[in-house]
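>>> next come a sequence and a model predicted from it.
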Amino acid sequence: QVRLVESGGDLVQPGGSLRLSCAAAGITYRLSTMAWYRQSPGKQRDLVAAIHIDGTLKYGDSVVGRFTISRDDAIAKNTIYLQMNNLKPEDTAVYYCNAGAYSVDQQGVIWGQGTQVTVSS
């Protein structure tokens, strides 16, 4: 059974940076698409960024130019990262790793447990 394990969430001041990591366990083949979503209280879970094995990227409008998604291409490692710069209070949310989709325009069915990011002074 595939498990996604996130790490890197923290409390950071506005303007600061964080790097989130997500590693897939229990799988021996490369996942075609992995992504980050986020959800804050009372709001829906939204796409932050997605990356396909062919290099295709997709970002949510509010993070373009500030966040960068990348992945480790070592065979079967299935690890992605989210570099978050110039963080704003509105970036505060639980960030979830997602996998299982065939393209960056789809949402996968595999979710991690989430990691909290809080941006506050």
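Arrived safely. On a predicted model such as this, the values are computed, not experimentally measured, just so you know.
>>> going by C-alpha atoms from here, please, whenever you check contacts or count neighbours.
OK.
>>> gap between the spatially most central residue of the chain and Val2?
By Cα atoms, centre = their mean, the chain has its centre lying nearest to Trp36, at 2.4 Å. According to Cα to Cα, to the nearest Å, Trp36 and Val2 sit 16 Å apart.
>>> how about Cys97?
12 Å.
>>> which of those two has more residues huddled nearby?
For Cys97 versus Val2, neighbours defined as other Cα atoms under 10 Å are more numerous around Cys97 (31 against 14).
>>> and the gap between the more buried one and Gly15?
Distance of Cys97 to Gly15, given as Cα to Cα: 23 Å.
>>> any stretches of the protein with poor pLDDT?
Applying pLDDT under 70 to the chain flags the ranges 75-76.
>>> pretty sure Leu20 sits against Asn85.
No: using Cα atoms under 8 Å as the test, Leu20 is too far from Asn85 to be in contact (11.4 Å).
>>> identify the residue nearest the residue nearest to the centre of the chain in space, chain neighbours excluded?
Cys97 (4.8 Å; Cα to Cα, 6 or more residues apart in numbering).
>>> counting by contacts, list what the one helix or strand that neighbour maps to packs against.
Here Cys97, judged by DSSP states H and E, is contained in strand 93-99. Secondary-structure packing of strand 93-99 (3 or more Cα pairs under 8 Å, 6 or more residues apart in numbering; DSSP states H and E): strand 3-7, strand 33-39, strand 110-111, strand 115-119.
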